[in-house]
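1. Structural data only, the sequence is not supplied:
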């Protein structure tokens, strides 16, 4: 490929990082919004995350098999079509105001994102000189972080109405008036998700018409070890740690708006802005953490950050007022390096088992489907503030995994979520 063609291809693949970052970080907006529009409990609203992240668990291996047979370009195109289709399904789901339809749409979107995430990392490193592959990957990941910052801002502006009726106000409405209110709330997702679907379709068209390099996979050597992948104890510990990490990350972000509303009496639109800046801190934290790894080994930094997050979440649970909000912003900052660090530590030294090991770590993203439901149930039984004990506990297995890897001096961070 010529340099101009390569640059255009790099730009298109970089857009994928932005698109999936934007989609993932709309969930914290959808949870309080659909809770209101569909009259859900906290545990029911947590099913938004469950429908989304269970797709990663179920589709990670099929996505790999699909691309092995048809190629990465076909996988990306199909993933974008699923993404666009799921986004467009939000329109009829809002008309029907049936929560199950929203869950189906989210599952389809996440299935598409699984294909995109599986393909994007090897593609971006293959486009151009091998020596600058890591630079291109880090550049693309920065757009994922940018999307995490922009998604809550956009969602807060175009989806959230800022109208939260008290029980007294709801009871004062007639049945028809209350139904009209709920329909108006549900309909606010229609245009934003149609726009998202249209943009994604446009990118799919551009990808399908762009010449991209074919990535040839290396065959495993017949002399490599043939033992069970489950015999790799460090990988198993890493998968467990990643399962708990993604669960914690999703819990903290997804219930952020509900938390600051209950504990600090902040409206949903302002809370969405605070979440956006918290996720900006997540992006800054990734760059800062990468810098710190020049002086502190990745496992030690992972352990330090785990301890800090446990402490900050304890303050969030037992503290009062604005202080608790600031602690959650701090937690986002200290979570920043965890996914890529756990990923890289988990697959080190696997040799010919690296591909399978990587798929297992990606499947661990399914933790995002489990822990929000647990947290929602705890919230329904106690309070949203007390429910933040759930992600606090999740950092304990991460701390253990970090300690078990203290002998590792250096890893290359090659994954982003």
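-> Done, it's in. This is a predicted model, so every value here is computed, not measured.
2. got the contact list for residue 17?
-> Shown in contact with residue 17 (C-beta atoms under 8 Å, 6 or more residues apart in numbering): 120, 124, 140, 141, 143, 144, 147, 416. All C-beta atoms are positioned from the backbone trio N, CA, C, and that covers glycine.
3. and the third one, how far is that from residue 276?
-> Noted for residue 140: a distance of 21 Å to residue 276, by C-beta to C-beta, to the nearest Å.
4. Then the fourth one?
-> When C-beta to C-beta is applied, the distance between residue 141 and residue 276 equals 18 Å.
5. The second one too?
-> Distance, residue 124 to residue 276, by C-beta to C-beta: 26 Å.
6. One more: the fifth one?
-> Going from residue 143 to residue 276 by C-beta to C-beta gives 16 Å.
7. neighbour count winner among these two?
-> residue 276 (22 against 17; other C-beta atoms under 10 Å).
8. now for the helix or strand harbouring that one, which elements pack on it?
-> Using DSSP states H and E, residue 276 sits in helix 268-292. Secondary structure elements in contact with helix 268-292, counted by 3 or more C-beta pairs under 8 Å, 6 or more residues apart in numbering; DSSP states H and E, are helix 27-37, helix 133-158, helix 233-254, helix 256-264, helix 298-318, helix 322-335.
9. Can you tell me which of those has the worst average pLDDT?
-> Of all those, helix 133-158 carries the lowest average pLDDT, namely a mean of 84.
10. how far off helix 268-292 does that helix point, in degrees?
-> 170 degrees (axes from the mean of the first three to the mean of the last three C-alpha atoms, to 10 degrees).
11. contacting residues for the closest residue to residue 276 other than its chain neighbours?
-> Distance criterion C-beta to C-beta, 6 or more residues apart in numbering; nearest residue to residue 276, sequence neighbours excluded, is residue 152 at 4.0 Å. Counting by C-beta under 8 Å, 6+ apart, residue 152 makes contact with 25, 26, 28, 29, 272, 273, 275, 276, 279.
12. are any of these buried, and which?
-> 25, 26, 28, 29, 272, 275, 276, 279 (16 or more other C-beta atoms under 10 Å).
13. what pLDDT does the fifth one get?
-> Model confidence at residue 272, given as pLDDT, is 95.
14. excluding its backbone neighbours, what's nearest it?
-> Closest to residue 272 by C-beta to C-beta, 6+ apart is residue 156, at 2.9 Å.
15. pretty sure the one you found contacts residue 28?
-> No. Using C-beta atoms under 8 Å, residue 156 makes no contact with residue 28, being 10.0 Å away.
16. shared neighbours of those two, which are they?
-> residue 272.
17. just checking, what's the longest helix in the protein?
-> In terms of residue count, the longest helix belonging to the chain (DSSP state H) is helix 99-126.
18. Which elements pack onto it?
-> helix 3-24, helix 27-37, helix 47-70, helix 72-88, helix 90-96, helix 133-158, helix 354-363.
19. could you redo the ones you listed as CSV and give each row distance to residue 287?
-> Listed next are the helices and strands packed on helix 99-126 as CSV, based on distance: least, C-beta to C-beta, whole Å:
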stretch, distance to residue 287
helix 3-24, 15
helix 27-37, 22
helix 47-70, 25
helix 72-88, 27
helix 90-96, 33
helix 133-158, 8
helix 354-363, 23
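20. Mind checking those for the one nearest to residue 263?
-> Shortest distance between residue 263 and the helices and strands packed on helix 99-126, using C-beta to C-beta, is found for helix 27-37: 14.1 Å.
21. chain center to the next helix or strand after that closest one, what's the gap?
-> With elements assigned by DSSP H and E, the helix or strand that comes after helix 27-37 is helix 42-45. On the basis of C-alpha atoms, centre = their mean, to the nearest Å, helix 42-45 sits 19 Å off its chain's mean C-alpha point.
22. how about residue 310, what does it touch?
-> By C-beta under 8 Å, 6+ apart, the neighbours of residue 310 are 392, 395, 396, 399.
23. so of these, which ones are in helices?
-> 392, 395, 396, 399.
24. Quick check on those: which are buried?
-> Buried among the ones in helices among the contacts of residue 310 (16+ other C-beta under 10 Å): 392, 395, 399.
25. what stretches of the protein score poorly on pLDDT?
-> 1-5, 121-122, 125-126, 130-135, 137-138, 214-227, 409-417 (pLDDT under 70).
26. Give me the domain ranges for it.
-> Segmentation of the chain into domains, based on automatic domain parsing, reads 1-212, 229-405.
27. Looking at these, which one is packed in the most?
-> domain 229-405 (a mean of 21; mean count of other C-beta atoms under 10 Å).
28. List the residues that contact residue 40.
-> So residue 40 contacts 34, 99 (C-beta under 8 Å, 6+ apart).
29. again, 10 Å this time
-> 31, 32, 34, 46, 47, 48, 99, 376 (C-beta atoms under 10 Å, 6 or more residues apart in numbering).
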